[in-house]
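> need a 3D model of the following:
(chains A and B, ligands or ions: 2)
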Amino acid sequence: MTSEAVVHGVEWTVKELFVYPNEFIYWSIQIVMYPYMTGLVAGAFVLSSLYHVFGQKDLKEIAQFSLVFSLALLPVAALPLLLHLQQPLRAMEPLLTPHFTSAISAFGIVFTAYALIVISEIWFVYRRYFVDQVHELKGKEGFANMLRLNVYRALTMGSFDISEEALRVDHKAAKILAGVGIPVACFLHGYAGFIFGSVKANALWMSPLMPVIFIMSAVVSGIALCMLTYIVIMEWKAFRKRRTEGVTAAIEIKGAETDIINTATKYLLGFLVAAISLEILDLIFRGYTAMKSWDILRSVMYGKDFINIFVLQYTLGNLVPFVLLLLPGRTLKRTVVALLLVLFGVFMMRWNVVIGGQAFSLSFSGYMHYHIPIIPHSVETFKEGLFGALTVIVTPFVLFWMINKFVPSLERGEEAKY
Amino acid sequence: MSCSRRDFLKQACGGTLASVLPVSAFTFLSPEEARAAVENANVRWAFLVDTRKCVGCGLCVKACKNENEIPYDAPVTRTWVERMGGRDGFIDNVINGEEIDPDNIAKAFFVPKLCNQCDNPPCVQVCPVGATYQTDDGVVLVDRDWCIGCGYCIMACPYGVRFFHPVHKVADKCNFCYHRITKGMNPACVESCAFDARRIANLRDPDDPVTKIITTERVAVLKDEYGTKPHVFYIGLDENVR
Ligand code: SF4
Ligand code: SF4
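Numbers count the residues shown, from 1 in each chain, chains lettered A, B, ... in the order given. Ligands and ions are numbered 1, 2, ... in the order given. Now for the predicted structure:
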């Protein structure tokens, strides 16, 4: 076999018993990453909307941050899809010739609509800041200042009016956008669930609950990631301030505030309970109705994938953080551990859906095992291997770092007037 | 320009008619051909597999790989033959030196598999760009120049007949050798089967001998519970075939 004629999936699929010849794990790690990343986007946005729409004042600071972070996460929701295509150069085709009976065809449209909402909301929230920056930088010398000035000029888009009236309009617009954004964000992710839930050929995926389960776990993971990133950045800032400016300054520059974390935790727990209840309902229903596919599903869930599903996902990823967050006397460190576990749990849920759904043959008489490529030796084993997944994970943080250079989403207290 | 729109249309229509008339005037179409030219309503391709006749020689698989240029060594194929029944698929009653009751292997038989050219094909439904589509005569085709390689169709087919072509990197599957059947030839697998286990039929032609078998004898289809309305009919299926 020449290197050209490699069959997609052969590299990482191991078959057992009776499996049809053409069956492989066609949807691999990137398709695990896709719902995981869109979930984070949707969740981050919902968290920010809790403040903007429902006026959860104590969430203000983390809300600003979540909004900007969800912009950084946005391109990364499309990246895994791109990486898994066999013909990535044709990625624009779903926009050119959408075939609307397909769930994937709407991706481009929903994604673009959502991106526009997020970007314009950020613009309305930070417009005043852009204008202030332009005025501040105007007389300053130096190339860097010139550059910044021009960037901010472009960002204002020619709208320099910062009168009371204009700012009120800004505020209102941001609120409306945040409100519209919630259903769109849920749709963006709920329909990722629909992509799986509507595949009637797949006994594990096919379930009308799938979109709802996806949305709930999405919000859980989004809130968890935002909280985690927020805590880490704030602690790091406080730590640095303490080092450079001594103890007095450190009192003013507090780390992550406990009340913000407390409120966010409450929402996190609520959505976590909803997500787990739905998943358990799905499981019980399958066992109770015991359709033809139940035999093989049971052998996968209670046998081959037992560790993945019941130990890693439900126990380590759901139960343990649940207890950690609920037990009294929660410290910041404990919260961080719990959040990491929550993120891990949601990832395992995606994994168990995507990979678990391909763990058994359509013949219901055989199994397939996925061995994720670690050391890449070809483009394909890079893209659909560990390093491809890591690329997807790292990108949003790099993007956030860049965006944050121009949009101060981490300012607090006095500075945070925007 | 002094040419009014009306004049232009008149001339254009006249010109078109004049150029078309001589050609069509000398082409004699049979009633079937004429109907086919208007709409393909008189053709619906289907397939008949007689599992009682198949001996599992696999010549059809070879013929298909040659005809449709699927690399021979690649572990993917447009059609394949499953060995069913018996004791774990053994055809001899001495297994690991132990003699097995011949009754246990009496049911051993072979089942050729291929795309069912479903009437309600989920693969077509889920293709985000319309690269997988259904022709008027019922065959589902893949446009190699337009497929983005997302694999959704592969996931959606309950029969597992689809795969990524190892060279072209797009979705691929059996199409009843569409390039042959539309020219009046048999699919390569049908041609190569020495036992008449595989036959192609036009369901709209009541005089087609294979159609007669499908309509008058007891035939079954695979996995009809998915509502795909498959069009590969089997004689001699067993509940163990899936
Ligand atoms: S058998 Fe599969 S590939 Fe063929 S038409 Fe039906 S769903 Fe599509
Ligand atoms: S792999 Fe190709 S033919 Fe199949 S659904 Fe995707 S774009 Fe359509």
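
> for whichever residue of chain A sits closest to chain B, give its distance to A:Glu380.
Using C-beta to the nearest C-beta, A:Gln86 is the residue of chain A that sits closest to chain B, at 2.4 Å. All C-beta atoms are positioned from the backbone trio N, CA, C, and that covers glycine. Note on A:Gln86: its distance to A:Glu380, by C-beta to C-beta, to the nearest Å, is 9 Å.

> picking up where we left off before, so the residue of chain A closest to chain B: helix, strand or coil?
The three-state label given to A:Gln86 by DSSP: H, G, I helix; E, B strand; the rest coil is coil.

> between A:Gln86 and A:Glu380, which contacts overlap?
A:His8 (C-beta atoms under 8 Å, 6 or more residues apart in numbering or on different chains).

> quick one on the thing from earlier: okay, now the residue of chain A closest to chain B: neighbour count?
For A:Gln86, the count of nearby residues is 19 (other C-beta atoms under 10 Å in any protein chain shown).

> that one - nearest residue in space that isn't next to it in sequence?
B:Gly149 (2.4 Å; C-beta to C-beta, 6 or more residues apart in numbering or on different chains).

> now the helices for chain A?
A:29-52, A:60-84, A:93-96, A:107-137, A:143-156, A:164-197, A:210-252, A:258-289, A:294-298, A:306, A:320-326, A:332-354, A:379-383, A:386-403 (DSSP state H).

> weakest of these in terms of mean pLDDT?
Mean pLDDT per stretch puts helix A:210-252 lowest among those, at a mean of 80.

> tell me the contacts of the residue in chain B that chain A sits nearest to?
At 2.4 Å from chain A, B:Gly149 is the closest residue in chain B, using C-beta to the nearest C-beta. By C-beta under 8 Å, 6+ apart, the contact list for B:Gly149 reads A:Leu85, A:Gln86, A:Gln87, A:Arg90, B:Phe164, B:Lys169, B:Val170, B:Ala171.

> pretty sure A:Leu410 is touching A:Ile233, no?
Yes. The pair A:Leu410 / A:Ile233 is scored as a contact, 6.1 Å apart, by C-beta atoms under 8 Å.

> wait, which of the helices of chain A is closest to ligand 1?
helix A:164-197 (16.9 Å; C-beta to the nearest ligand atom).

> right, is the closest one up against ligand 2?
No. Using C-beta under 6 Å from any ligand atom, helix A:164-197 never reaches ligand 2; the gap is at least 11.5 Å.

> now do that helix: which elements does it pack against?
helix A:29-52, helix A:107-137, helix A:210-252 (3 or more C-beta pairs under 8 Å, 6 or more residues apart in numbering or on different chains; DSSP states H and E).

> is it true that A:Leu343 touches A:Leu225?
Yes. Look at A:Leu343 against A:Leu225 with C-beta under 8 Å: they come within range, at 6.1 Å.

> which one of these two is surrounded by more residues?
Neighbours per residue (other C-beta under 10 Å) separate A:Leu343 from A:Leu225, with A:Leu225 holding more: 26 against 21.

> got the contact list for that one?
Neighbours of A:Leu225 in contact, by C-beta under 8 Å, 6+ apart: A:Leu40, A:Gly43, A:Ala44, A:Phe69, A:Leu339, A:Leu343.

> hmm, 10 Å instead?
A:39-41, A:43-44, A:47, A:66, A:69-70, A:73, A:339-340, A:342-343, A:346, A:396 (C-beta atoms under 10 Å, 6 or more residues apart in numbering or on different chains).

> start to end distance for stretch B:144-152?
Its first and final residues considered, stretch B:144-152 spans 15 Å by C-alpha to C-alpha, to the nearest Å.

> please apply the same query to stretch A:370-386.
13 Å.

> only whichever of the contacts of B:Gly149 are buried, select them in PyMOL.
Here the buried members of those are turned into a PyMOL selection, burial being counted by 16 or more other C-beta atoms under 10 Å in any protein chain shown:
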select buried, (chain A and resi 85+86+87+90) or (chain B and resi 164+169+170+171)
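
> farthest pair within the contacts of B:Gly149?
Distance extremes for these: the farthest pair is A:Arg90 and B:Phe164 at 14.0 Å, using C-beta to C-beta.

> between those two, which contacts overlap?
B:Cys147, B:Gly149, B:Val170.

> pretty sure A:Gln30 is touching A:Leu85, no?
Yes. Counting by C-beta atoms under 10 Å, A:Gln30 touches A:Leu85, with 9.2 Å between them.

> what do the two both touch?
With C-beta under 10 Å, 6+ apart, A:Gln30 and A:Leu85 have common neighbours A:Lys383.

> looking at chain B, which helix or strand is least sure?
helix B:5-25 (a mean of 52; mean pLDDT, DSSP states H and E).

> neighbours around the residue of the stretch 51-200 of chain A found nearest ligand 1, how many?
Residue nearest to ligand 1 within the stretch 51-200 of chain A: A:Lys200 (10.2 Å; C-beta to the nearest ligand atom). A:Lys200 has 16 neighbouring residues, counting by other C-beta under 10 Å.

> where does it fall, phi/psi-wise?
phi -70, psi -20 (degrees, to the nearest 10).

> OK, contacts around it?
A:Met206, B:Pro122, B:Gln125, B:Ala156, B:Pro158, B:Glu225, B:Tyr226, B:Gly227, B:Thr228.

> how about the nearest residue to the fifth one, chain neighbours excluded?
Leaving aside its sequence neighbours, B:Pro158 sits nearest to A:Ala201 (C-beta to C-beta, 6+ apart; 3.9 Å).

> wait, doesn't that neighbour sit right on B:Val161?
No. If you go by C-beta under 10 Å, A:Ala201 and B:Val161 don't touch, sitting 11.1 Å apart.

> of those two, who's got more company?
Neighbours per residue (other C-beta under 10 Å) separate A:Ala201 from B:Val161, with B:Val161 holding more: 25 against 20.

> am I right that the more buried one falls within a helix?
No. Assessed with three-state DSSP, B:Val161 is coil; it does not lie in a helix.

> list phi and psi for the nearest residue to it once chain neighbours are set aside.
In this structure, B:Val161 finds its nearest non-sequential neighbour in B:Cys115, 4.6 Å apart by C-beta to C-beta, 6+ apart. With angles defined as degrees, to the nearest 10, B:Cys115 sits at phi -70, psi 140.

> and B:Cys115, how far from B:Val142?
10 Å.

> could you do B:Lys173 as well?
Counting by C-beta to C-beta - B:Lys173 and B:Val142 are separated by 7 Å.

> can you list residues touching both of those two?
Contacts common to B:Lys173 and B:Val142, judged by C-beta under 10 Å, 6+ apart, are B:Cys123, B:Thr132, B:Cys153, B:Arg162, B:His165.

> adding secondary structure, write those out as TSV.
Listed next are the shared contacts of B:Lys173 and B:Val142 as TSV, based on three-state DSSP:
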residue	secondary structure
B:Cys123	helix
B:Thr132	strand
B:Cys153	helix
B:Arg162	coil
B:His165	coil
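
> Serialize the residues you listed to JSON lines and add fields for distance to chain A.
Shown next, in JSON lines, are the shared contacts of B:Lys173 and B:Val142 (distance: C-beta to the nearest C-beta, whole Å):
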{"residue": "B:Cys123", "distance to chain A": "9"}
{"residue": "B:Thr132", "distance to chain A": "9"}
{"residue": "B:Cys153", "distance to chain A": "9"}
{"residue": "B:Arg162", "distance to chain A": "6"}
{"residue": "B:His165", "distance to chain A": "9"}
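
> could you pick out which of those residues are near ligand 1?
Within the shared contacts of B:Lys173 and B:Val142, those near ligand 1 by C-beta under 6 Å from any ligand atom are B:Cys123, B:Arg162.

> and whichever residue of chain A sits closest to ligand 1, how far is that from B:Phe164?
Here chain A gets closest to ligand 1 at one residue, A:Ala201, 7.8 Å apart by C-beta to the nearest ligand atom. In this view, A:Ala201 and B:Phe164 are 17 Å apart by C-beta to C-beta.

> cool, thanks, signing off.
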